[in-house]
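K.L.:
Sequence first, then the predicted structure:
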Amino acid sequence: MTINVERDFELVTLEITGRLDTTTAPNLEGVINELSKDTKELVFDMSGVEYISSAGIRVLLGAHKKITPAQGKVRIEKANDMVREVFEMTGLLEMLE
């Protein structure tokens, strides 16, 4: 998995490519934990994600818990059909969009 970080003041976009699973989720969690407290909007560009496991979902939920208390927003963009289906089944898609 690779993570491309784009910062634009209070907006951070994380472009993720590859599998987001038990092996790679800690890498994404580390990137999220290093985000500035000034981050008000966090976007996950999932266009390159081919698979997501429960470990990946846990990391996304953790990001939501970190950003939203300060009136921030978390969005998921460009998920393929398989990843979108996982988000729909877990209710994550509704919470983050």
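P.N.:
Great, that's in hand.

K.L.:
all contacts plus neighbour counts: C-alpha atoms, from now on.
P.N.:
Will do.

K.L.:
what's the lengthiest strand in the chain in contact with?
P.N.:
What stands out as the longest strand in the chain, according to DSSP state E, is strand 41-52. Applying Cα atoms under 8 Å, 6 or more residues apart in numbering, the external contacts of strand 41-52 come out as 10-21, 67, 72-80, 82-83, 86.

K.L.:
you'd agree Lys73 is up against Lys65?
P.N.:
No. In this structure, Lys73 is not within contact of Lys65 by Cα atoms under 8 Å, at 10.2 Å.

K.L.:
what about these two, which has more around it?
P.N.:
Taking other Cα atoms under 10 Å, Lys73 and Lys65 do not tie; Lys73 has more neighbours (19 against 13).

K.L.:
Contact partners for that one?
P.N.:
40-42, 64, 67, 96.

K.L.:
Adding neighbour count, write the residues you listed out as a markdown table.
P.N.:
Output for the contacts of Lys73, formatted as a markdown table (neighbours: other Cα atoms under 10 Å):
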| residue | neighbour count |
| --- | --- |
| Lys40 | 18 |
| Glu41 | 18 |
| Leu42 | 24 |
| His64 | 18 |
| Ile67 | 20 |
| Leu96 | 18 |
